[in-house]
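**Student:** Sequence and predicted structure, then a few things I'm wondering about:
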Amino acid sequence: MSRHHLRTVRNGSPCIVVTGYDRPLNEFFLQIWDDGPGTDADEPAYSSLNEPAADWRDIATALRRLGELGVEVPRSMIDAVVADSVRRAGNRIVEHAPDGGVTELSG
């Protein structure tokens, strides 16, 4: 499984976006974690696991959810996740910056 994360803002509050490609399931995933004071670090504010009927084999599903949730991510992050699916990458962890910068942490 590849894992790409980004610290950003949603509705004026800090959050962490985690998305990637799950090789065994051959689908994408998306989680949004609130990251401000007093937030519950044990549960994501949004998880694609709670929408099993959605087509997570299509990156457009993740893009739609990000738009609906009011979260912007750099295009480079989405491109990297799609590239992982094409290469069927696994065990990859990448940190993204809002300006498009990338730091490979594992992979």
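**Tutor:** Everything's here; your move.

**Student:** Centroid-wise, who is the farthest residue in the chain?
**Tutor:** Of all residues in the chain, G38 has its C-alpha farthest from the mean position, at 22.3 Å, by Cα atoms, centre = their mean.

**Student:** how close does L6 sit to D40?
**Tutor:** Applying Cβ to Cβ, to the nearest Å, the value for L6 to D40 is 20 Å. Every C-beta, even on glycine, is put in place using the N, C-alpha and C of the backbone.

**Student:** before we move on, what about A80?
**Tutor:** Separation of A80 from D40 (Cβ to Cβ) stands at 28 Å.

**Student:** can you check I93 too?
**Tutor:** Between I93 and D40 the computed distance is 23 Å (Cβ to Cβ).

**Student:** ok so, going back, of L6 and D40, which one has the most company?
**Tutor:** When neighbours are counted by other Cβ atoms under 10 Å, L6 and D40 differ, and L6 comes out ahead with 19 against 9.

**Student:** which residues in the chain form helices?
**Tutor:** Remark: helices of the chain, listed N- to C-terminal, are 59-68, 75-87; assignment by DSSP state H.
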